[in-house]
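Participant: Here's my sequence, what's the structure:
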Amino acid sequence: MTSRRKTFSLLKTPSALVAAAALAVVVGVAMPAQAASPTDNRFVATELGAQAASPTDDRFVATEVPDSPAGRQLQWLIDASARLPLSEGELRAHFAKELLAMPGLSPAETNKGFGLLFGSSGIQLRGLVAVEPRALVAVVTGATGNELVVTLVVDRKGFIGFPTGITAASTAPAVALPTPSGREAVGTDVVSLVDRARGGRRLMLTRWYPAVASSRNKPRAAYASPRLRAVLGLPRVRVHARLGSRPLPGRLPVVLFSPGLNGPRVLYQALAEDLASHGYLVVAVDHTGEAPVELPDGRVELPTSWTHPPKAATFEASLRESQATRVLDLRLILRSLGVASKGPRPDLGRVASMGHSFGGSTSAALMRIEPRILAGIDLDGSIFGAAAKRGVPRAFLIIGTGGRDSSTRGLLEHSSGPRLELSIKGLVHGSFSDLPVVSPGAVSVGKWRASAKDIVMQRVYVRAFLDRYVRGLPSPLLDGPSPRFPRVTFTYRGL
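Facilitator: This is a model prediction of the structure:
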């Protein structure tokens, strides 16, 4: 995980999440919106229902290597794995020079890593989990007969490039998200949204909401489908939200959630479940093209950022475009909530926007142009765009890992609404997700061992802020440091 001090760093999941792991890492260690009317035809929403946990292995979409740029390189890797060591010339004929220039990828080190992973007999293909012309995710068997997950991406010239990676498939025992602290049962479903005004752009959303008490007898939702877990390298995770749950009656305050750059929405469920248990409707989105996303037909679409990464010279422009796209995504969700005929009923007079990393910047950008956003929350992200120089007009909370960069300082100093900045000792950038439970080793630093307590601290302060500025409820926790949470420091108060 990288700190927010490096502006808009990728939200990297742990090394087990091959989508964000370089091969070197792996082989080295083995405008205000108009109200939408019921006849609005600018978008199409389809409620799918979340997927129940399934014991069957339905990960594979194919069992043969495709005849594509990525498929041909996978076939080479399978064939080459049985005749190690490979010559430097052969490696350079298949790997992009930028990848081979990375530390730990000399021919000797690459062959050593391959030998540890593949053994003397090489690898055998079990099946393909996701397939694009220039990217794929495959499951193979390696040296010990255990499964390996191969994420293979080729560049425009056909060479294997970043973020290609090879990791052991997760065999860790199932872990459980921390129990929601509210009194309400939690329901969940998945919605597919198509924006006709933007050429049919499809968004996948997850909703968490307070449900009637009998919902606790409903089937438990899956954290992610077996196919998406394989692509992301996730272990099995036990959630608390239930499928087919009837929402509580009445209109619910809404929290929109935007993930970190290139991060999937599935990694933020502990926070969403907790808010739902306290009466909030939480809607999280995958910003299509950034992270692997499972579509209604079960196919996992791989990120376009893998095969069409921005060039260094145009990176800032790419970020501006990405943030503008994200803001349009969130405004589309707001419009769709206003005309939804099924599921939980939103109160569009009580809406907040929250995000991690680049998602926090997205929330600030949305607040500047969307008057319905009463409160915004940035979880350890730098602020990009006008909000960094001119602030935001309503309540805004920043929770981070310590210190303040120029962009967050600019937002805090130039905002006209209530604002608060908190720092939590012992957290890193990736701690603002489910990773303290899902992969604690990836977000543990020094003497600080990541655990569910890291998530609980965040949940308490996030909810206190939303209660005060969205629901108008007393929140004394925001008035100053609390002996209950000695790791939390108030670094800026403008309340």
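
Participant: moving C-terminal of the longest helix seen in the chain, what's the next helix or strand?
Facilitator: Longest helix of the chain, by residue count under DSSP state H: helix 315-339. With elements assigned by DSSP states H and E, the helix or strand that comes after helix 315-339 is strand 345-356.

Participant: so Thr150 bridges to which residues?
Facilitator: No, residue 150 isn't Thr; it's Val. Listed beta-bridge partners, Val150: Ala138, Ile166 (assigned using DSSP bridges).

Participant: Just the pLDDT at it, thanks.
Facilitator: In this model, Val150 is scored at 95, pLDDT.

Participant: one step back: ok now the longest helix of the chain, how far from the chain's centre?
Facilitator: 16 Å (CA atoms, centre = their mean, to the nearest Å).

Participant: Over to stretch 131-138?
Facilitator: Per CA atoms, centre = their mean, the displacement of stretch 131-138 from the mean C-alpha position of its chain is 20 Å.

Participant: what's near enough to touch the residue nearest to Trp76 when sequence neighbours are not counted?
Facilitator: Of all residues not flanking Trp76 in the chain, His94 sits nearest, at 5.9 Å (CB to CB, 6 or more residues apart in numbering). C-beta here means a position set from N, CA and C on the backbone, and glycine is covered the same way. By CB atoms under 8 Å, 6 or more residues apart in numbering, the contact set of His94 is 73, 76-77, 159-160.

Participant: same check, this time on Ala211
Facilitator: 184-187, 242, 245-248.

Participant: let's see 6 Å
Facilitator: For Ala211, the contact set (CB atoms under 6 Å, 6 or more residues apart in numbering) comprises 185, 187, 245, 247.

Participant: for these, which one is nearest Ser433?
Facilitator: Gly187 (22.0 Å; CB to CB).

Participant: Would you state the helices of the stretch 101-250 of the chain in chain order?
Facilitator: Assigned by DSSP state H, counting those that start in this stretch, the stretch 101-250 of the chain shows helices spanning 107-118, 226-232.

Participant: by how many degrees do the strand or helix carrying Leu466 and strand 345-356 diverge?
Facilitator: Secondary structure assigned from DSSP H and E places Leu466 in helix 452-469. Here helix 452-469 runs at an angle of 130 degrees relative to strand 345-356 (axes from the mean of the first three to the mean of the last three CA atoms, to 10 degrees).

Participant: Strand partners (parallel or antiparallel) of the helix or strand following helix 452-469?
Facilitator: Counting by DSSP H and E, the next helix or strand C-terminal to helix 452-469 is strand 488-494. Applying DSSP bridges, strand 488-494 is found paired with strand 419-424 (antiparallel).

Participant: what does the very next helix or strand once past the strand it pairs with rub up against?
Facilitator: The helix or strand immediately downstream of strand 419-424 is helix 435-438, counting by DSSP H and E. Helix 435-438 is contacted by residues 175, 177, 237, 442-443, 450-452, 454-455 when judged by CB under 6 Å, 6+ apart.

Participant: repeat that for 10 Å
Facilitator: With CB atoms under 10 Å, 6 or more residues apart in numbering as the test, helix 435-438 has contacts from 1, 11, 13-14, 16-17, 170, 172, 175-178, 223, 232, 234-238, 266-267, 269-270, 427-430, 441-444, 449-456, 458.

Participant: For Gly494, name its beta-bridge partners.
Facilitator: Arg419.

Participant: Do you know the pLDDT at it?
Facilitator: pLDDT, Gly494: 90.

Participant: same thing with Ala21?
Facilitator: Here, the pLDDT recorded for Ala21 equals 30.

Participant: Put the buried members of the contacts of helix 435-438 into a PyMOL selection.
Facilitator: Buried residues among the contacts of helix 435-438 (16 or more other CB atoms under 10 Å), as a PyMOL selection:
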select buried, resi 1+11+13+14+16+17+170+175+177+178+223+232+234+235+236+237+266+267+269+270+427+428+429+430+442+443+444+450+452+454+455+456+458
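
Participant: Show only the entries of the contacts of helix 435-438 found in strands.
Facilitator: 175-176, 237-238 (DSSP state E).

Participant: Check the residues you listed against Leu193 and report the nearest one.
Facilitator: Val237 (25.0 Å).
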